[in-house]
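> Give the three-dimensional model of this entry:
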Amino acid sequence: MGDGTGTGMDTGMDTGMGDGEADAAYLGVDIGGTKVALRVETGDRCVHERAFSWPPRHSAARDLGRLAEQVAEVRADLGVSFRAVGVAMPATVGPAERVTAWPSRPEWTGTDLGAALRPLFPGAAVAWADDGDLGALAESRASGCADLLYLGVGTGVGGGLVLAGEPCPGLGRGSFEVGHMVVELGGPRCDCGRRGCLQAVASGPATLRRASRQRGSTAAFDDLVKAWGDGRPWAVTALRRTCRALAAAAVGVQELLQPRLVRVGGGFADGIPGFAGLVADHVTELARPGRPPLPVEEAALGGLSSLHGAVSLARLLVCREFPLP
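Here you go, the predicted structure:
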């Protein structure tokens, strides 16, 4: 989804909001490093979707003010109140509902997330979870696969694991931090302070930095996509290292927890033709003799997996199927 200006997206979806329980409104909020996406569903249909950008390194209060403005516009446009709200968050949130770490937006550290979010959605049940965990939940449902590993490649690398149809380790009980698996000893430094984390090797910004070094000049995303399509060595080299690191993480998870399918998505990966196929090639190379390679597919929801998962979280909150914050 491209960055919006807060005026809404023309999706061609029905925005009529009927009466009754079937028309209760559920809001999903996907908070990323550079943009925020909102999705409203009633019954079994989406009635509104939008995205807006927020510049880096503002205070948490200013970020939350921007979010409040957008939510108020959505509520006014649709004339609804939300029954439940699910929020996909890339930050680490402790048991006291405080943000304990968010490397790309350190100004949020210490923020009481519950106290900050609940006033934005009066009368609604509110819950949050890791964006990668929610992406995995959405992809599992979309694929019909109950044992699925999701890798989301964007500003960072997130991901999640669903086993027997339920998120692992479980919503409200921590997150599946695949982006901080160490895949290269002595590799590049991660925002978390360690070296060689998957995120430090395979995120969108890390890939572009590597591509720029290979090229000898700055490589923007569009430059990389075109050069990849043209088979330019600098682009191929940069992307192969990214996809091999993702494959190494997937194979490591396979050895321990036995997912049956990998889905690869996120805004960066979704914009590179053949990205999931390149990950699949490396998974095949790394497969242990005597074991079939783990199947790898493009995410069915593209760069919107976490957003769809956030709406699913809102619905789960009403159903009380999982312990939630």
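> can you list the domains in the protein?
Under the assignment automatic domain parsing, the domains of the chain span 21-133+304-319, 144-301.
> Of those, which shows the lowest average pLDDT?
The stretch with the lowest average pLDDT out of these is domain 21-133+304-319, scoring a mean of 89.
> Give me the distance from that domain to the chain's centre.
13 Å (C-alpha atoms, centre = their mean, to the nearest Å).
> if we can go back for a sec, format the domains of the chain as CSV; extra columns: mean neighbour count.
(Glycine included, C-beta is placed from N, CA and C.) Output for the domains of the chain, formatted as CSV (neighbours: other C-beta atoms under 10 Å):
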stretch, mean neighbour count
domain 21-133+304-319, 19
domain 144-301, 19
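> so how far is residue 211 from residue 144?
36 Å (C-beta to C-beta, to the nearest Å).
> Residue 55 now?
Per C-beta to C-beta, residue 55 is found 24 Å from residue 211.
> next one: residue 238
4 Å.
> By residue count, what's the longest helix in the protein?
Identified as the longest helix of the chain according to DSSP state H is helix 233-257.
> helix or strand right after that helix?
Past helix 233-257, further along toward the C-terminus, the next helix or strand under DSSP states H and E is strand 261-265.
> neighbouring contacts of the next helix-or-strand element following that next one?
Sequence-wise, the next helix or strand downstream of strand 261-265 (DSSP H and E) is helix 267-270. Contacts with helix 267-270, where a contact means C-beta atoms under 8 Å, 6 or more residues apart in numbering, come from 1, 32, 151-155, 203-204, 207, 221, 275-276, 298-299, 302-303.
> Show only the entries of these found in helices.
Per DSSP H, helices hold the following members of the contacts of helix 267-270: 204, 207, 221, 275-276.
> re earlier: need the overlap of contacts for residue 238 and residue 211.
Counting by C-beta under 8 Å, 6+ apart, the contacts common to residue 238 and residue 211 are 219, 224.
> So which residue of the protein lies furthest out from the middle?
In the chain, counting by C-alpha atoms, centre = their mean, residue 290 sits farthest out from the average C-alpha position, at 33.2 Å.
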